[in-house]
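Novice: here is a sequence with its predicted model. Questions after.
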Amino acid sequence: MKDPVRIAITGGAGQISYSLIFRIAAGDMLGPDQPVILQLLEIPQAMDALNGVVMEVNDCAFPLVKDIVATDDPNVAFKDADFALLVGARPRGPGMERKDLLEANAAIFSVQGKALNDHASRDVRVLVVGNPANTNALIASCNAPDLDAGQFTAMTRLDHNRALTQLAQKTGKHVTDVDSMIIWGNHSATQYPDLAQCKVDGKAAFDLVERDWYENDFIPTVQQRGAAIIKARGASSAASAASSAIDHMRDWALGCDGIVSMAIPSDGSYGIEEGIIYSYPVRCQGGKYEIVQGFELDAFSKEKMQATEKELREERAAVEHLLG
Ligand SMILES: NC(=O)c1ccc[n+]([C@@H]2O[C@H](COP(=O)([O-])OP(=O)(O)OC[C@H]3O[C@@H](n4cnc5c(N)ncnc54)[C@H](O)[C@@H]3O)[C@@H](O)[C@H]2O)c1
Ligand SMILES: O=C(O)C[C@H](O)C(=O)O
């Protein structure tokens, strides 16, 4: 058996965590041979509920779980953490955009960025799920000057997975037949789900679907899927968010075939302003991710990519005071 790794999860008593924690404990994120120590963070008012979750994890008798820490102190939760999944934040309700949460949630990520900086493993991999995820990741990263900015990522894998299913259903194929899906930009209604590189069963997606469906159905459906779930469920996506968080971390840590979407600090690739946390097509190998370069962009793509970049710049300007 390998040595256990420490996995910090914030918002441990929330909806997403109620799926996420159990799937991580079952080995879905790091594999069936990787023991884990779960370090769960909550706010003081939610500690009773968190202790209930801990009781349930214990009641599962998971062979991989070596210890569980439940705390309301970020300095304890992030101590020596190898992985940190920053889920704890307020979700939006009907009629809100994710950036409406900026004010409510931003402060959480400056505190947690500092705690990660001071206490986490120097190799910690951070995934921000709490919305607005891209800008929250930027806040956390800016408050962690001793860690590399590239260690901070935000989740657009749920958008990526949603897009895979929309295209697979439209073409009568399976999600496993689809490759080179790309989500560019912000995890928001300005994101750009791009089919230009996409193939289904080896055939160009653009040869299989009408342009009208792409522009007026596929793109808005993926952009608005979070709101559609909130309308249908009366609460934001939870199990699908947890599943995508696991996909993101598993591929980053263990590698994967093909292209996946991750929101990462821009290095200026594809003309996007350096530093903002922007979703790119990446390949994951050897514990690292790398932006896939060289795709040609037409005018339609450039315009969409710039629109979502503009929104991220505006979000950054709104939290300038928290960027350390
Ligand atoms: N990026 C994505 O694709 C994606 C997908 C789904 C949801 N989300 C976002 O994830 C977040 C969590 O969603 P949820 O449905 O689990 O919400 P929830 O309200 O059910 O749970 C959030 C939990 O976080 C806790 N919390 C709040 N502040 C905290 C802090 N400072 N430290 C630790 N814990 C804290 C709360 O007490 C609560 O238990 C929301 O912001 C939601 O919008 C993102
Ligand atoms: O839409 C939301 O507010 C929740 C989440 O970001 C989602 O995409 O489901």
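Specialist: Cool, got the structure. Just so it is clear, the structure is predicted and the values come from calculations on it, not from any experiment. Ligands and ions are numbered 1, 2, ... in the order given.
Novice: let me know the secondary structure of residue 13.
Specialist: coil (DSSP: H, G, I helix; E, B strand; the rest coil).
Novice: which of the helices or strands spans the residue nearest to it when sequence neighbours are not counted?
Specialist: Of all residues not flanking residue 13 in the chain, residue 49 sits nearest, at 3.8 Å (C-beta to C-beta, 6 or more residues apart in numbering). All C-beta spots, glycine's among them, are computed from the backbone N, C-alpha and C. Using DSSP states H and E, residue 49 falls within helix 47-59.
Novice: what parts of the stretch 51-200 of the chain come near ligand 2?
Specialist: 91-92, 98, 131, 158 (C-beta under 6 Å from any ligand atom).
Novice: residues in the stretch 201-324 of the chain within reach of ligand 2, list them.
Specialist: Residues of the stretch 201-324 of the chain lying near ligand 2 (C-beta under 6 Å from any ligand atom): 226-227, 229, 236-237.
Novice: narrow those residues to just the buried residues.
Specialist: Neighbour counting with 16 or more other C-beta atoms under 10 Å marks 226-227, 229, 236-237 as buried within these.
Novice: now for residue 247, how many residues are close by?
Specialist: 19 (other C-beta atoms under 10 Å).
Novice: got a list of what whatever residue of the stretch 101-250 of the chain ends up closest to ligand 2 touches?
Specialist: Nearest residue of the stretch 101-250 of the chain to ligand 2: residue 226, at 2.1 Å (C-beta to the nearest ligand atom). By C-beta atoms under 8 Å, 6 or more residues apart in numbering, residue 226 lies in contact with 98, 236-237.
Novice: contacts with ligand 1 among those residues, please.
Specialist: Residues of the contacts of residue 226 in contact with ligand 1 (C-beta under 6 Å from any ligand atom): 236-237.
Novice: just send the contacts of residue 226 back as CSV, with pLDDT and secondary structure too.
Specialist: Formatted as CSV, these follow (pLDDT from 0 to 100; DSSP: H, G, I helix; E, B strand; the rest coil):
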residue, pLDDT, secondary structure
98, 89, helix
236, 96, coil
237, 98, coil
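Novice: if we can go back for a sec, out of the residues of the stretch 51-200 of the chain next to ligand 2, what pair is the most spread apart?
Specialist: Farthest pair in those (C-beta to C-beta) is 92 and 158. Separation: 14.4 Å.
Novice: check which residues of the lowest-mean-pLDDT helix or strand in the chain are buried.
Specialist: Every helix and strand of the chain was ranked by mean pLDDT, DSSP states H and E. The lowest is helix 102-119, at a mean of 94. The neighbour-count check on helix 102-119 (16+ other C-beta under 10 Å) flags 102, 105-106, 108-110, 112-117, 119 as buried.
Novice: nearest to ligand 1 among those residues?
Specialist: residue 108 (4.1 Å).
Novice: ok, the closest one touching residue 132?
Specialist: No: with contact defined as C-beta atoms under 8 Å, residue 108 does not count as touching residue 132 (11.9 Å).
Novice: now the phi/psi pair for the spatially most central residue of the chain, please.
Specialist: Centrality entry for the chain: nearest residue to the mean C-alpha point is residue 155, 1.6 Å, by C-alpha atoms, centre = their mean. Per-residue torsions, residue 155: phi -90, psi 110 (degrees, to the nearest 10).
Novice: ok, residue 129 next?
Specialist: phi -110, psi -40.
Novice: do the one 5 residues further on as well
Specialist: Backbone geometry at residue 134, expressed as degrees, to the nearest 10, gives phi -60, psi -50.
Novice: for it, give me its contacts.
Specialist: If you count contacts by C-beta under 8 Å, 6+ apart, residue 134 has them with 128, 154, 186-188, 263, 276-279, 312, 315.
Novice: distance of the residue of the chain found nearest ligand 1 relative to residue 298?
Specialist: Closest to ligand 1 within the chain is residue 14: 2.0 Å, counting by C-beta to the nearest ligand atom. Distance, residue 14 to residue 298, by C-beta to C-beta, to the nearest Å: 41 Å.
Novice: so these two - more neighbours on which side?
Specialist: Between residue 14 and residue 298, counted using other C-beta under 10 Å, residue 14 has the larger neighbour count: 23 against 8.
Novice: now the more buried one: how far from residue 226?
Specialist: Residue 14 sits at a distance of 16 Å from residue 226 (criterion: C-beta to C-beta).
Novice: if anything else comes up later, I'll come back, but that's it for now.
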